[in-house]
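1. Below are the sequence and a predicted model; questions follow.
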Amino acid sequence: DTGVSQNPRHKITKRGQNVTFRCDPISEHNRLYWYRQTLGQGPEFLTYFQNEAQLEKSRLLSDRFSAERPKGSFSTLEIQRTEQGDSAMYLCASSLNAGGWDTQYFGPGTRLTVL
Amino acid sequence: GNSVTQMEGPVTLSEEAFLTINCTYTATGYPSLFWYVQYPGEGLQLLLKATKADDKGSNKGFEATYRKETTSFHLEKGSVQVSDSAVYFCALRLEYGNKLVFGAGTILRVKS
């Protein structure tokens, strides 16, 4: 069990550029979540997958955001035409749902800075 | 809507002092309640949880009791250590949901 990993750990980009983040969940975890955390705040839910299906999206996830989990393993979060307000820590979490309730395990996050 | 409110920090304590971090929530039904901890430079880690009223979650000397009547889940520890310095987040998960709803976090600083 190597834990949830996220890449890159830091990303600096210019406004208007596209960025993509990757999350590798704990192996065999069937659920994967994305959250966003701004300075001084708790994480806010963005979206989650069960296997490859995206089952819920927050209103926070504008049309410029898209997330995929093509084979039910790793996931990518893409932000198009970045804005300064997108600067935040993007957190990924995974869990194993086996009929009961499940514990979400978080990765270290990707810190995005939009200049 | 569903929300979590935590006491504002930072909370600064001397080693071996008693710790309380207040957490109250607003939610429909019977949510599950959690405390997560974030040590400097690390990701969020689950500290403890409680899934129904009057349950007590405990781990590493920390405790929290799910109080439905006061909609609270206060975190306590009898004797803090310098290594407990971190940011603590209270969170809920709705009865029929999957996402976590977090509070803003409370910074704890413990001095030797």
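-> Everything's here; your move. Numbering: from 1, shown residues only, chains lettered A, B, ... in the order given.

2. does any bit of stretch A:104-111 sit next to chain B?
-> Yes: against chain B, stretch A:104-111 shows contacts by Cβ under 8 Å from any Cβ of the partner chain at A:104, A:105, A:106, A:107, A:108, A:109. (C-beta placed from N, C-alpha, C; glycine too.)

3. who's in contact with the residue of chain B found nearest chain A?
-> The nearest approach of chain B to chain A comes at residue B:102, 3.1 Å away (Cβ to the nearest Cβ). With contact taken as Cβ atoms under 8 Å, 6 or more residues apart in numbering or on different chains, residue B:102 is in contact with A:42, A:43, A:44, B:4, B:36, B:89, B:90, B:91.

4. wait, which of the residues you listed is closest to residue A:74?
-> Set against residue A:74, the nearest of these by Cβ to Cβ is residue A:43 (19.9 Å).

5. what's the neighbour count on the closest one?
-> 28 (other Cβ atoms under 10 Å in any protein chain shown).

6. these two touch, right, it and residue A:34?
-> No: taking contacts as Cβ atoms under 8 Å, residue A:43 lies outside contact range of residue A:34: 9.6 Å.

7. anything in contact with each of those two?
-> residue A:91.

8. Relative to the whole chain's centre, how far out is the host helix or strand of residue B:57?
-> Using DSSP states H and E, residue B:57 sits in strand B:56-59. Relative to its chain's centre, strand B:56-59 lies at 10 Å (Cα atoms, centre = their mean, to the nearest Å).

9. residues of it that come out buried?
-> Going by neighbour count (16 or more other Cβ atoms under 10 Å in any protein chain shown), the buried part of strand B:56-59 is residue B:57.

10. what does stretch A:10-23 give?
-> A:11, A:13, A:19, A:21, A:23.

11. any idea of the mean pLDDT in that stretch?
-> The average pLDDT for stretch A:10-23 rounds to 97.

12. chain center to it: distance?
-> For stretch A:10-23, the separation from the chain centroid amounts to 13 Å (computed by Cα atoms, centre = their mean).

13. helix or strand right after the strand holding residue B:57?
-> Past strand B:56-59, the next helix or strand by DSSP H and E is strand B:62-65.

14. list the helices and strands that following strand packs on?
-> Here strand B:62-65 touches strand B:32-38, strand B:44-50, strand B:56-59, strand B:75-77, going by 3 or more Cβ pairs under 8 Å, 6 or more residues apart in numbering or on different chains; DSSP states H and E.

15. send the alpha carbons of the first one over as CSV?
-> In this case it means strand B:32-38. What follows is strand B:32-38, C-alpha atoms only, in CSV (Å, rounded to 0.1, in the frame of the first residue of the first chain):
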residue,chain,number,x,y,z
SER,B,32,-21.2,10.4,9.9
LEU,B,33,-18.6,12.7,11.5
PHE,B,34,-14.9,12.8,11.1
TRP,B,35,-11.7,14.5,12.3
TYR,B,36,-8.9,14.7,9.9
VAL,B,37,-5.4,16.0,10.7
GLN,B,38,-2.8,17.6,8.3
